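[1] what's the 3D shape of this:
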Amino acid sequence: MEKNNMESGCCSTSGCCDNDKPIDNGRRSFIKTTSLTAAMLAINPIKLMAGPFTKEDFNHVIPADKKLTKEWIDSLYARGEAFSASGEDLKYIGMPINGIATGQVYLGGDGRLWCWNLDGEPDDIWKEMGSGHKYMKPVTANSPMDQGFALQVGSDKQKRVFRLDSSGFEDIQFKNKYPMGDVTYADTDCPVKVQLEAYTPFIPLNRDDSSYPVTVMRYTIENTSDEEQEAVIAGWIENFSNYRTGKQNSNGVRLSQYQEFDELSVVECWTKPLNDTQSEDSETVPFDHANDFGAVALGLLGSDKPDFVDTIRSQPREKALFDADKPNKKSEKIQERPFSDKAYASLGRSIKLKPGESTTISFTLSWRFPNARHVTGFGKTVWTRDINYYATQWPSASESANVVASQEKELRENTQKWVDTWYDSSLPYWFLERTFIPVDCMQTQLAGRMGMQDARYSLDEGVTCCEGNCTHVWHYAQGLARLFPVIEKECREQVDFDRSFKDDSGAMNFRCSTKTFREAPDGQCGTILRVLRESQMTTDYSFLEGIWERTKLSMDYVIKRWDEDEDGVMSGAQHNTLDGNWFGKVHWLTNMYHAALKASAVMAKQMKEPAVAERYETLVSKGVSSMMDLMWKEEYGYFIHIPELEPEKTRGSTTGCHIDQVLGEFWLYNLGLDPVLPRDKVRKALESLWTYNFSPNIGDFRKDHPKGRWYAAEGDAGLVMCTWPFGKENAQKKHFHKYYNECMSGFEWQVSAHMIWEGMLEKGLAIGKAISDRYQPNLRNPYNEVECGDHYARALASYSAFMAMCGYRYNGPEGKLAFGPRMQQDNFKAAFTTAEGWGQFTQKVDTGILVAGIELRYGKLELKEFALDKVRGITVMGVKVKLDDNHIDAAFTIEADSYVITFNSNLVFSEGSLMSFEFI
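    Numbering: from 1, shown residues only. All right, here's what the predicted structure looks like:
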């Protein structure tokens, strides 16, 4: 950035934020020596970010000159620290801490577990969720179950009890390590300090080991006094089976039992039907068929047994918690109690600590709620009974915890290894957090896995929101495919090209398992693109071979249905993610069509069908020419939608600057394919989105445009869905409040990533940082990007911004891996994933020598070709390649934008190996 722009505020003109201009030494020095702290970066962003503005700046509501401050621009690049919170800022934090598709449990900022939802029943009314109130009024800790942990310190009459939450300790600090959480407890009246490490096994590429219905709570207790201390730590759980339905159907009995395994001691609470007298024609769901019929268990990890156990506890919370007896034969028997009783169980351990000494005691929380409801009608009005897949894997809540206990060392090490790999990066912490965290949607009610339907995934758009594996939402999501590719692959095979697919035509229902069959061209084209992506995240073409004929039929249906004259431009009723039919020549849908055609041409060649590929490529060529002639508006600097003339067919963005206008180009970058539209026009369109749609304060925009849901408010920056800087033409006068005035992070992340792919680094970062600022813990839950529902799946587009920053391209069947960092080219470090392994990529420039490295930290990797984007100012004539300490023969070529290394034979290396490249 040029000095005058840094002094006066950035981005007043097109191009001033591009990374094709070298970062000056001042910026480099700032990044290395900055003292920006997490607290400073959490200041109300509008105070730090931009201004001051004059009335004239808002003549078009959104100021063209963003007047971003030097401090805020510097914060885009600063390494910073992991976000942390204390005091009042803890109240909104809720990190999903359970396995994939096993329900929903939050780790709170003070270490308590809350938002227990293990039965999949909505906690909110859908209409309320759809109104967007969760962003403006974020929820705080609440739970249907009384559960917690407490610490007793001292002996005899000096005993004191401290709850391990905000009611028990005065000084609590939370630090993000998602998918792990870190909480520390201290109090002037407590002679010990406690550190909690909470996690559920989370290991990218290993879906099964990341899907346990088990949470591990590791408490490290340190004696900070100068005297020996006696301490006791214990936990309790409530038997809350049938807590919803039991009010109408109390036909059951409560049970509890203590069990011992090699590396686990555990108390489990469950219920069973009292009798079988219920009539089949009763309107009441049978007691054991209810969704909230299940079991919970509290365990103590390790071979050492608890010092006390209580399986017939009747008191809540920590009351008389430490008065229980040692485990005995009675506690090992199944205890029965009336369903009407409040029932709890607890266990704990005593320790002695010398001054400065510490010890770690680990608990497990586990559950088994077998019954699920599968949606057969939109709006959750019609249900069919199913079984949660995870419940078919273990017969009890204790058994799943026992499996984790028997492998806990390996599971924790691999989870920790991923945490270290992801966050040990040269990239800013805020960027790493926000591009990764949205994958936590798979650890919420959004995700289910149906045991009676071949273990297929049932994925909503968001929590309590819009079911049916919706294609036109989920195709934006990129993170899941790179972290757990088997899930996306199975969704293509079992849902989109199976239950949602018509074999006789190639039509695809954009919502699986709903009564009304309806196609959406953006969702269908996006799903075709996802087939290529899923194929790239495998090691051979077997997946593509098995799904290609259906994919081809699907592509041909899109042509027949929306491009009957084969001119390469869509027409007719085009239903899409904005929940309505758009008519005419729709820029973003046609661009998605072109991207799908191009991806299909690539797949056709891989399947040895050159004639099919040629047909698709011809349609792209014709369509791009027509799109440029008809939809590019040079005087506006962006693409427009040309609706049909009938009043009822003018719904859409028409002459507006629409957020998704070049969505297909975004998709092509994610697949490592060349763009189809002229790059200068695409960049200009993205520049226009910055100029006309990005506001440093959405509150100013919404004062003039109050209708629509609020996902960004006064003091928040954001990218508005659509604006009309040159006026509305041929547009309906209604429906514009729905979506167009909103800032939805999934759409914003799509643009942010695209800008970074295109080299518009600073503007892409600014859009992402605006989202990050909106989700600071003092404002709302940083683990929940809200759109129509909580944990909205479209936010997973954020991972594309990470891939763009790395310049990551991967093609597993062809054994090709490539990188091209968009910033810090002289000292870059970031994680990467492939089909079978993950690790860390590094790139450095030292005394004019370019060096790169691939360290594999998990799994294995097969490579045939490695490529690295050129670095400005570096001259390269060849390369030396080493795998560990062995020299590797390779061919070296220089292409227009990259260096390409081709290996003489396929290289397969495994965990712990390091491949290095020294360019000479």
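
[2] where does the protein have low pLDDT?
    The model of the chain has pLDDT under 70 over residues 1-47, 55-60, 125-132, 276-282, 379-380, 730-737.

[3] same thing but 80
    Within the chain, the ranges that satisfy pLDDT under 80 run 1-48, 51-61, 120, 122-133, 155-157, 275-284, 375-383, 513-515, 729-738.

[4] after the helix or strand D182 falls within, next one along is what?
    Element membership of D182, judged by DSSP states H and E, is strand 180-186. Remark: after strand 180-186, the chain's next helix or strand is strand 192-199, criterion DSSP H and E.

[5] send the alpha carbons of that following strand over as PDB?
    Extracted in PDB, the C-alpha atoms of strand 192-199 (Å, rounded to 0.1, in the frame of the first residue of the first chain):
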ATOM      1  CA  VAL A 192      -5.500 -23.800  43.900                       C
ATOM      2  CA  LYS A 193      -5.800 -22.700  40.200                       C
ATOM      3  CA  VAL A 194      -7.700 -24.900  37.700                       C
ATOM      4  CA  GLN A 195      -7.200 -25.200  34.000                       C
ATOM      5  CA  LEU A 196      -9.800 -27.000  31.900                       C
ATOM      6  CA  GLU A 197      -9.100 -28.500  28.500                       C
ATOM      7  CA  ALA A 198     -12.300 -29.600  26.900                       C
ATOM      8  CA  TYR A 199     -12.700 -31.400  23.600                       C
END
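
[6] what packs against that strand?
    strand 148-153, strand 180-186, strand 214-223 (3 or more CB pairs under 8 Å, 6 or more residues apart in numbering; DSSP states H and E). Where C-beta positions appear, they are placed from N, C-alpha and C, glycine not excepted.

[7] surely L686 is in a helix?
    Yes. The assignment for L686 by DSSP: H, G, I helix; E, B strand; the rest coil puts it in a helix.

[8] what sits against it?
    By CB atoms under 8 Å, 6 or more residues apart in numbering, the residues touching L686 are 662, 751, 754-755, 758, 760, 763.

[9] please apply the same query to V161.
    By CB under 8 Å, 6+ apart, V161 lies in contact with 150-152, 168, 318, 321-322.

[10] which of the residues you listed has the most neighbours?
    Among these, L321 has the most neighbours (other CB atoms under 10 Å), with 26 neighbours.

[11] correct me if wrong: that residue contacts G348.
    Yes. With contact defined as CB atoms under 8 Å, L321 counts as touching G348 (7.3 Å).

[12] may I see the contacts of V161 organised as TSV, with distance to A343 added?
    Output for these, formatted as TSV (distance: CB to CB, whole Å):
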residue	distance to A343
A150	19
L151	24
Q152	23
G168	24
E318	17
L321	15
F322	19
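
[13] ok, so of those, who is nearest Y858?
    Minimum distance to Y858 across the contacts of V161 is 35.5 Å, recorded for L151 (CB to CB).

[14] what's the single longest strand in the chain?
    If you go by DSSP state E, the chain has its longest strand at strand 849-869.

[15] with just CA atoms, put whichever helix or strand comes after that one into CSV.
    Later in the chain than strand 849-869, the nearest helix or strand by DSSP H and E is strand 879-883. Provided in CSV are the C-alpha atoms of strand 879-883 (Å, rounded to 0.1, in the frame of the first residue of the first chain):
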residue,chain,number,x,y,z
VAL,A,879,15.1,-27.2,-8.0
LYS,A,880,16.6,-29.6,-5.5
VAL,A,881,14.1,-32.0,-3.9
LYS,A,882,14.5,-34.0,-0.8
LEU,A,883,12.2,-36.5,1.0
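
[16] now strand 879-883: buried residues?
    Buried residues in strand 879-883, counted by 16 or more other CB atoms under 10 Å: 879, 881, 883.

[17] contacts for the helix or strand following it?
    As assigned by DSSP H and E, the chain's next helix or strand after strand 879-883 is strand 886-887. Strand 886-887 has contacts (CB under 8 Å, 6+ apart) with 880-881.

[18] swap the cut-off to 10 Å and go again
    Residues outside strand 886-887 that contact it (CB atoms under 10 Å, 6 or more residues apart in numbering): 880-881, 915.

[19] strands paired with it, and their directions?
    Using DSSP bridges, the strands paired with strand 886-887 are strand 879-883 (antiparallel).

[20] could you check the angle strand 849-869 makes with the strand it pairs with?
    90 degrees (axes from the mean of the first three to the mean of the last three CA atoms, to 10 degrees).

[21] now for L321 and G348: what residues contact both?
    149-150, 152, 232, 234-236, 308, 310.

[22] mind giving me TSV with these and columns for distance to T902?
    Converted to TSV, the shared contacts of L321 and G348 look like this (distance: CB to CB, whole Å):
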residue	distance to T902
F149	56
A150	62
Q152	65
V232	63
A234	61
G235	57
W236	61
F308	65
D310	66
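
[23] helix or strand for I771, just tell me which one.
    With DSSP H and E as the test, I771 turns up in helix 761-774.
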